[in-house]
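Q: how would this look folded up:
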Amino acid sequence: MPDLMTHCLAGYVATRRWVLHPLAYVFLVGTVLPDALGRALSIVVNSTHRWATPVHTPVGQFVICWTLAQCFRAGQRRRVFACLFAGSALHLLLDATQKHVAGGYLFLFPFSWATWKGGLWWPEDSLLVLPYLLLAVALCEAALYARRRARHFPR
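A: Just a heads-up that it's a prediction; the model follows:
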């Protein structure tokens, strides 16, 4: 079901409690990282499957997140890695619910070439659900804002 917007909304909901924290943004980057890197590789190499496959696996994401975390200060690396990897794990979890005409996801790559698919949604179904998801998030945010405002500014 998920497209990049659905992944972002799911990541936002997951980080709602600490959304202003700098590492929440790192988590959100993690939620789009597998697709962003997979698409970039498929454009550069001009092949969809062979080069993009390792990027969209837990082992591939572990290596990528660990590598990206090395770009941060030594004291932040563990937390940055944890947030990036948790975001990409949420991405892979959401992707695991999709139906496929053929194939599926190689979650055990490089240890196994067995594919797995959840079979709950078709990939394009997210376009039908997205407006309602955006509305639900907006209504929740408005309710939380009103509750916070009433707590801080009593009548």
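Q: any weak-confidence spans in the protein?
A: 1-2, 17-20, 46-52, 99-104, 108, 113, 115-120, 155 (pLDDT under 70).
Q: scan it for its longest helix.
A: Scanning the chain for the helix with the most residues, using DSSP state H, yields helix 125-152.
Q: from the contact counts, what lies against that one?
A: The contact analysis (3 or more C-beta pairs under 8 Å, 6 or more residues apart in numbering; DSSP states H and E) places helix 125-152 against helix 4-14. From N, CA and C alone the C-beta is placed, and that goes for glycine too.
Q: how far away is the most centrally placed residue in the chain from His21?
A: The centroid of the chain falls nearest to Thr31 when counting by C-alpha atoms, centre = their mean (2.0 Å). Distance, Thr31 to His21, using C-beta to C-beta, to the nearest Å: 15 Å.
Q: check the offset of the host helix or strand of Ser88 from the chain's centre.
A: Element membership for Ser88 (DSSP states H and E) is helix 77-95. Its chain's C-alpha centre and that of helix 77-95 lie 7 Å apart, by C-alpha atoms, centre = their mean, to the nearest Å.
Q: could you do stretch 4-19 as well?
A: Worked out by C-alpha atoms, centre = their mean, stretch 4-19 lies 8 Å from the chain centre.
Q: nearest residue to Leu68 in space, please, no chain neighbours.
A: Leu84 (6.0 Å; C-beta to C-beta, 6 or more residues apart in numbering).
Q: picking that back up, just want the angle from the longest helix of the chain to helix 77-95.
A: Relative orientation of helix 125-152 versus helix 77-95 (axes from the mean of the first three to the mean of the last three C-alpha atoms, to 10 degrees): 130 degrees.
Q: buried residues in helix 125-152, which are they?
A: Asp125, Ser126, Leu130 (16 or more other C-beta atoms under 10 Å).
Q: switch the residues you listed over to a markdown table; also include distance to Trp66.
A: Putting the buried residues of helix 125-152 into a markdown table (distance: C-beta to C-beta, whole Å) gives the following:
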| residue | distance to Trp66 |
| --- | --- |
| Asp125 | 33 |
| Ser126 | 29 |
| Leu130 | 32 |
